[in-house]
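Engineer: Mind looking at a prediction? Sequence and model below.
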Amino acid sequence: MSENKLPFAERASIHWPSMFYGVNYQFWKVRMKIFIESIDRGIWNAIVNGPYIPVSVVNGISVAKPFDELTEVEKRVQYDCVAKNIITSALNLNEFFRVSQCSSAKEMWDILKVTHEGTTDVKRARKHMLIQEYELFRIQQGESIADMQKRFTPIVNHLIGLGKQLDKEELNIKIPKCLDRSWQPKVTAILESRDLTTITTTTLFRKLREHELEMTRLKEMESAEKKTRSLALKSKAAEVETSEDNTEEDSDTENLSLLTKKFQKFIKLKSRTKNQQSKRYNRKPDSNSNKLTCFGCGKQGHRKADCSNLANKEKTIEKKNYKAGKGRKAYIG
């Protein structure tokens, strides 16, 4: 199995210790402590304080008692053997070879601790780095409260594991300060309604998540209302545009109908005029036309409107008048 897998990737059971592959030592250390104490606290005591070795005094010299001489109480010496078995069963090959030559469970545990947590100086430097990260911790833009809690909790746990004392009130004051301005009304309400020394950080995060869900619901409702309004406005605009188009179409239809009627009237009028002219020029001589008397020249056979003699007579008169007017002279007195 690869070295970068998480400790709980294999044998995640209450009956088996979590496997350690060289990463996430802090997680594995806590899991191992819980697992070992669930079996017997004496086993964990053997890991922390070293093995119990019963002795007997022989000739003024303290010597280890043989196992067959141990009482039931003294048989807790077995705790060290059980602890070594549990630790080695939870290590992969590389980590096993680090501790395979150790004589006690405490020695194994201390080697793993120094290897993966570092010496005192390394732990101190890591502690200062985590303190700085803790002090500069802020919620990221668009980050949910759940994601913020996932980033915040490991920092706190690592600091506590390195010996940093963080009480409940300090954590409860730090969390609201990590939020941006949009959370200010809720933070103010929490600070005014609750004593930060009495609630846990879990309760505080739960209150913030409840408010976050409510704000998300309100935003979704506002977004739906805006979308509905937008659709209504678009529909109304489409109706107005359709109505205008229909009005324009009706107007165009009326104009076209009126133009058609006028054109038809014009065609009828033109056709009627043409027929009248045709009748006038193609009219047959009337049998009674010879009885007609022209009132212009006094002759029979035509009307005054058709009299050529009258037309010639009028032209002659116009010529005489023109000549008479030309021969006159104008005198200025």
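Structural biologist: Alright, I've got the coordinates.
Engineer: Okay, helices next: where are they in the stretch 151-300 of the chain?
Structural biologist: 168-177, 184-193, 201-281 (DSSP state H, counting those that start in this stretch).
Engineer: Of the ones you listed, which is nearest Arg31?
Structural biologist: helix 201-281 (20.0 Å; Cβ to Cβ). C-beta: built from backbone N, CA, C; applies to glycine.
Engineer: can you redo the helices of the stretch 151-300 of the chain as TSV with distance to Arg76, mean pLDDT and mean neighbour count?
Structural biologist: Converted to TSV, the helices of the stretch 151-300 of the chain look like this (distance: least, Cβ to Cβ, whole Å; pLDDT from 0 to 100; neighbours: other Cβ atoms under 10 Å):
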stretch	distance to Arg76	mean pLDDT	mean neighbour count
helix 168-177	37	87	15
helix 184-193	50	79	12
helix 201-281	37	75	11
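Engineer: want to try CSV for the ones you listed, with distance to Glu117 as columns?
Structural biologist: Shown next, in CSV, are the helices of the stretch 151-300 of the chain (distance: least, Cβ to Cβ, whole Å):
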stretch, distance to Glu117
helix 168-177, 23
helix 184-193, 36
helix 201-281, 25
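Engineer: And the residue nearest the centre of the chain, how far from Pro51?
Structural biologist: Nearest to the mean C-alpha position of the chain, counting by Cα atoms, centre = their mean, stands Gly142 at 9.7 Å. Shown here: Gly142 relative to Pro51, a distance of 54 Å by Cβ to Cβ, to the nearest Å.
Engineer: for Lys106, same thing?
Structural biologist: 7 Å.
Engineer: same check, this time on Arg126
Structural biologist: Taken as Cβ to Cβ, the span from Arg126 to Pro51 is 30 Å.
Engineer: out of those two, which sits in the busier spot?
Structural biologist: Pro51 (20 against 15; other Cβ atoms under 10 Å).
Engineer: Please look at the more buried one and Trp109 and confirm they touch.
Structural biologist: No - using Cβ atoms under 8 Å as the test, Pro51 is too far from Trp109 to be in contact (11.9 Å).
Engineer: domain assignment for this structure?
Structural biologist: 7-117, 122-213 (automatic domain parsing).
Engineer: now the ones you listed in CSV, with distance to Lys313?
Structural biologist: Shown next, in CSV, are the domains of the chain (distance: least, Cβ to Cβ, whole Å):
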stretch, distance to Lys313
domain 7-117, 135
domain 122-213, 111
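Engineer: ok so the residue nearest to the centre of the chain is a strand residue?
Structural biologist: No - counting by DSSP: H, G, I helix; E, B strand; the rest coil, Gly142 is not part of a strand but coil.
Engineer: Provide the secondary structure category for Cys102.
Structural biologist: Per three-state DSSP, Cys102 ends up coil.
Engineer: Excluding covalently adjacent residues, which one is nearest to it?
Structural biologist: Met108 (4.5 Å; Cβ to Cβ, 6 or more residues apart in numbering).
Engineer: Name the SS class of the one you found, please.
Structural biologist: helix.
Engineer: Report how many residues lie close to it.
Structural biologist: Met108, neighbours per other Cβ under 10 Å, totals 23.
Engineer: Against Gln141, how distant is it?
Structural biologist: 46 Å.
Engineer: same check, this time on His128
Structural biologist: 28 Å.
Engineer: Show me which of the two is the more surrounded one.
Structural biologist: Neighbour totals were compared for His128 and Gln141, and His128 leads with 12 against 6 (other Cβ under 10 Å).
Engineer: could you say which helix or strand contains that one?
Structural biologist: helix 120-135 (DSSP states H and E).
Engineer: Out of the domains of the chain, which is closest to Ser223?
Structural biologist: Between the domains of the chain, domain 122-213 lies closest to Ser223; by Cβ to Cβ that is 15.6 Å.
Engineer: and that closest one, how far out from the chain's middle?
Structural biologist: 26 Å (Cα atoms, centre = their mean, to the nearest Å).
Engineer: Can you measure across it, start residue to end residue?
Structural biologist: In domain 122-213, first residue to last residue: 42 Å (Cα to Cα, to the nearest Å).
Engineer: Repeat that for stretch 46-54.
Structural biologist: 13 Å.
Engineer: Buried residues, that stretch. List them.
Structural biologist: 46-47, 51-52, 54 (16 or more other Cβ atoms under 10 Å).
Engineer: okay if I get the residues you listed as JSON lines plus secondary structure?
Structural biologist: Listed next are these as JSON lines, based on three-state DSSP:
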{"residue": "Ala46", "secondary structure": "helix"}
{"residue": "Ile47", "secondary structure": "helix"}
{"residue": "Pro51", "secondary structure": "coil"}
{"residue": "Tyr52", "secondary structure": "coil"}
{"residue": "Pro54", "secondary structure": "coil"}
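Engineer: Quick check on Ser144: phi, psi?
Structural biologist: Ser144 has phi and psi values of phi -80, psi 160 when expressed as degrees, to the nearest 10.
Engineer: what's the closest non-adjacent residue to it?
Structural biologist: Glu212 (6.6 Å).
Engineer: my read: the one you found touches Glu143, true?
Structural biologist: No - taking contacts as Cβ under 8 Å, Glu212 lies outside contact range of Glu143: 10.5 Å.
Engineer: Could you look up the SS state of Ser56?
Structural biologist: strand.
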